[in-house]
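The amino acid sequence is not available; the structure is as follows:
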């Protein structure tokens, strides 16, 4: 899938895993397998298996929104506090059968 970041276009894909506490981890990799960005951040919130806290700040600015627009993620109606960062959106994978 194509995505753009900082004015450049890339080809890549999403990879899913789990943090140690069981929360969903979302990684964006380039087509050559090289990690590009971690789109999730781990918190102590108990989330559904197909939900994650997105990281939309700092170097990830503008990334997650593209995947929402393309229908890969659906915003959930709440947000999560993350350290010193502003509250971050909680997203759900769409369709839910994409997760591991």
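Happy to help now that I have it. All values reported here derive from a predicted model rather than from experimental measurement. Numbering: from 1, shown residues only.

helices or strands next to the helix or strand harbouring residue 89 in the packing?
Under the criterion of DSSP states H and E, residue 89 resides in strand 85-93. Applying 3 or more Cβ pairs under 8 Å, 6 or more residues apart in numbering; DSSP states H and E, we find strand 85-93 packed against strand 51-54, helix 63-69, strand 73-82. Yep, even glycine has a C-beta here, placed from its N, CA and C like the rest.

what are the pairing partners of that strand, and which direction each?
With DSSP bridges as the test, strand 85-93 is paired with strand 51-54 (antiparallel), strand 73-82 (antiparallel).

quick revisit: any chance of the helices and strands packed on strand 85-93 in CSV, with mean neighbour count, mean pLDDT and distance to residue 42 too?
Rendered in CSV, the data for the helices and strands packed on strand 85-93 read as follows (neighbours: other Cβ atoms under 10 Å; pLDDT from 0 to 100; distance: least, Cβ to Cβ, whole Å):
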stretch, mean neighbour count, mean pLDDT, distance to residue 42
strand 51-54, 26, 95, 7
helix 63-69, 17, 94, 15
strand 73-82, 14, 83, 9
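
okay, those in TSV with distance to residue 2 next?
Supplementary listing: the helices and strands packed on strand 85-93 in TSV, determined by distance: least, Cβ to Cβ, whole Å:
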stretch	distance to residue 2
strand 51-54	19
helix 63-69	9
strand 73-82	16
